[in-house]
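Peer 1: Following is a predicted model, sequence given first.
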Amino acid sequence: MLIGLLSSIVLIVIDWNVEKKYKKYNEHNETLINKDEDVTFCDSFKNLTTLYWVLLFNAIFFYGALNSFNFIITGYLTENYFNKLPKEEAENLAGFYMSIQYIIGTVFIPIIGIIY
């Protein structure tokens, strides 16, 4: 969670700086890449901004943490919280609690997208 918070702050700062940079390019009618030059696949990585790399590593860390959590949470919930229930009912209840994160995402991501 701390990594997500820190990377979000870094993204805000980078986005603010990139926005100022692109406004400057638009004012002077310049482009970032000269269209007359041949660009190879490896050269295209050199043109990626810091914002891209921060988003990439943020996604890797987020999905790594989320998938690890989802891998162990059913067993954890059934052993520690639902141990007095029959095994099948405990697993169903643990699956329901695991689905809450996806329900929250499904409801709030479009709302935040509309607000932003």
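Peer 2: Perfect, thanks for sending it.

Peer 1: after the biggest helix by length in the chain, next one along is what?
Peer 2: Taking DSSP state H as the criterion, the chain has its longest helix at helix 50-80. Remark: after helix 50-80, the chain's next helix or strand is helix 87-115, criterion DSSP states H and E.

Peer 1: State the helix or strand in which the residue nearest to residue 55 when sequence neighbours are not counted lies.
Peer 2: Nearest residue to residue 55, sequence neighbours excluded (Cβ to Cβ, 6 or more residues apart in numbering): residue 11, at 6.9 Å. Using the backbone N, CA and C atoms, a C-beta is placed for each residue, glycine as well. Under the criterion of DSSP H and E, residue 11 resides in helix 2-28.

Peer 1: Following the chain onward from that helix, which element is next?
Peer 2: Sequence order places helix 41-46 as the next helix or strand after helix 2-28, per DSSP H and E.

Peer 1: Would you mark the buried spots in the longest helix of the chain?
Peer 2: By 16 or more other Cβ atoms under 10 Å, the buried positions in helix 50-80 come out as 54, 58, 74, 77-78.

Peer 1: helices or strands up against it?
Peer 2: In terms of contacts (3 or more Cβ pairs under 8 Å, 6 or more residues apart in numbering; DSSP states H and E), helix 50-80 is packed against helix 2-28, helix 87-115.
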